[in-house]
Every structure is written in structure tokens, then in C-alpha cells.
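# here's a sequence, model it:
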Amino acid sequence: MSSENRKPVKKAIFPVGGLGTRFLPATKAMPKEMLPVVDKPLIQYAVEEALAAGIEELIFVTGRGKAAIEDHFDRSYELESTLKDKGKTALLKMVDETLLPAGKVFFTRQQVPMGLGHAVLCAQAMALNEPVAILLADDLILSSTPCLAQMIESYNVVGGNLIASMEVPRDHTSRYGIISPGEIKQNLTEVTGLIEKPSPEKAPSTQAVIGRYILQPEIFDHLIAQEAGAGGEIQLTDAMAKLIGQQPFHALKFEGRRFDCGDKVGFLEANLAFALNRDDMREALKTKIGELLLAPQI
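Below is the predicted model of the structure:
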């Protein structure tokens, strides 16, 4: 794909319609994407990453019981008035930073949870035949340069389709989409095939896809067939595999550390890592961790 024909990535899709069953009962009445890591919900980290990468239009694919996500990025006049009256300017600024640009935010609903591919398909009308970034809030990434910004920098060189990837233990391949690798140039790997959740003995590599994607609009041509894949769901990986050989397709080994916040231990690990990365919390938290490790088990 020549640079002249390469469309810029200005739209991002956030599939946030999942039920969050692994965090019940906490997610019975609260979207899992609103679970806080330190003092911000997971979805806010994903949105901030997208905006920092130059994304201009945000598309949320929600489901039942997800109104809190929309409310989080809207005005809260009573809260703002109270903070202003009490002179809490720092907190007021923090609340203001959650507001999103008017006319650039869209919400649509995935009425039936039929998989990630189906969730992305629900955003087709708003994608308007343009390349899209897709961010999964469950995958939280701590890095000096936002992961999506790293991807867009590479996309501006190679074009086509681009996914974020990382190495995983071979006995974990059944948890991920796995890449069949081709030519490798520094941190970019040509993708010659994709397999959703293969067993360790059938995995073509240990390079796993994580929840960051830049995909060309042709992805919707394959998703619209709504073919069921692994788990009886419409898998995004299956649709992406059909683009291989038709368009450039690469995987980026990003700089940073990914935390699986769809897993309880991964979520707790993320809280510790992000807190330890903050100057205002690091030393106090180190002390508390030490005390907990020495304390007798109850």
C-alpha cells in the first residue's frame, strides 16, 4: 500500500459489551470497564491512549447495563458545582479531563454477546469505510510511549493491517490468537497466518495477539458473514486471517508491559504496577507491600 493511498487512522472502536463474569459480583451492576486501576477506570486508560495517538472519533460498542461508561465521559453538573464551590480546583480539573470532544463520540449497542468480531461489526456504519483502531480495555499497557501511538508510527511506514503482539509461554497459546510469522524486521513481523487459541502442540509460534489492532475497512466484508469460530462466537481473528495475502499484514512487538485486567491476578498486578509508577505513591506502597508480606496469614 503506497503512502499516497494510505488513509490515516482517525477512528477507534472500543468493544465494551462484555458481561465481566470473572469479576462477579463486583460487575453485577457495574461494567467491568469501569473497574479502577489506582484512580481511573480501565476504559479511561484506553480512551486516553487513543487520544494520545491522534484518534479523533471514538466509537463505543456497549451492551445492557453499560450506561455508566457513557455517564463517565459526560458532564456531572452537580459534582462540578460542588467542587467549584469548595475550591477543589485540582479535583475539578481531573473531572474535566474525562470529558470527550462533542460530536466525536458515538455509542452503539451489541444486543447479543456473540464475540469480539461481532462487536466490531456493530460499529461498521460509523467506521465509514475507513481504517479503524480497536482497543480492548481489558488489556492495559504501561509504556513510555502509548502502545497505539507506537502502532500508528509503524502503520505510517508499512500501511495495511497491524496488530500488537507479545511473546507468551508455549503452554499459554490456547489463551490467545497466535501468529504464523514471516519476515522479521526489527520489531515488525510479517503475519502469514493467524490461529485462534491453538493448543501448544499446534501453535505455529509463541507470538500472541493482544488487544490493539489497526485494520482496513475490508475487515467488515469478512465479519458480515457472521461465521462462528472458536467457542461458537464470531472471532475477529478468523476475519483478520482472511485479509492475509490480500493486504499487508504485520505484528508489532510493542515497547511496554501488558496487564491482563480481565483476570483477577492480572488486575491486581496492574494496580500495583501503575501505583509504583507514580511518584506520589511509590514509597508508601513499597512499605505497605513489605508489611503485608511479613504479616501472618489469617
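
# show me where the protein has helices.
42-52, 67-72, 77-85, 89-96, 116-121, 124-127, 147-158, 219-223, 236-241, 264-276, 282-294 (DSSP state H).

# any buried residues in stretch 79-86, and which?
Residues of stretch 79-86 classed as buried: Leu83 (neighbour count, 16 or more other CB atoms under 10 Å). Just so you know, the C-beta spots here come from the backbone N, C-alpha and C atoms, and that holds for glycine as well.

# which residues of the stretch 1-150 of the chain score low on pLDDT?
Scanning the stretch 1-150 of the chain for pLDDT under 70 picks out 1-4.

# and for Gly20, the neighbour number?
Using other CB atoms under 10 Å, Gly20 has 19 neighbouring residues.

# ok, it to Lys66 distance?
According to CB to CB, to the nearest Å, Gly20 and Lys66 sit 10 Å apart.

# which neighbours do those two share?
Pro31, Glu33 (CB atoms under 8 Å, 6 or more residues apart in numbering).

# what's the closest non-adjacent residue to Ala208?
Excluding the flanking residues, the one nearest Ala208 by CB to CB, 6 or more residues apart in numbering is Tyr176, at 3.7 Å.

# possible to save the helices of the chain as JSON lines with distance to Pro248?
Below are those laid out as JSON lines (distance: least, CB to CB, whole Å):
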{"stretch": "helix 42-52", "distance to Pro248": "22"}
{"stretch": "helix 67-72", "distance to Pro248": "33"}
{"stretch": "helix 77-85", "distance to Pro248": "46"}
{"stretch": "helix 89-96", "distance to Pro248": "40"}
{"stretch": "helix 116-121", "distance to Pro248": "20"}
{"stretch": "helix 124-127", "distance to Pro248": "19"}
{"stretch": "helix 147-158", "distance to Pro248": "6"}
{"stretch": "helix 219-223", "distance to Pro248": "14"}
{"stretch": "helix 236-241", "distance to Pro248": "13"}
{"stretch": "helix 264-276", "distance to Pro248": "32"}
{"stretch": "helix 282-294", "distance to Pro248": "42"}
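
# of the ones you listed, which is nearest Leu194?
Evaluated over these, closeness to Leu194 peaks at helix 236-241, with 4.3 Å, by CB to CB.

# could I get the CA-only coordinates of the closest one as CSV?
These are the backbone C-alpha positions of helix 236-241, laid out as CSV (Å, rounded to 0.1, in the frame of the first residue of the first chain):
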residue,chain,number,x,y,z
LEU,A,236,-12.1,-11.2,15.0
THR,A,237,-9.0,-13.4,14.4
ASP,A,238,-10.8,-15.5,11.8
ALA,A,239,-11.8,-12.4,9.8
MET,A,240,-8.3,-10.9,10.1
ALA,A,241,-6.8,-14.2,8.8
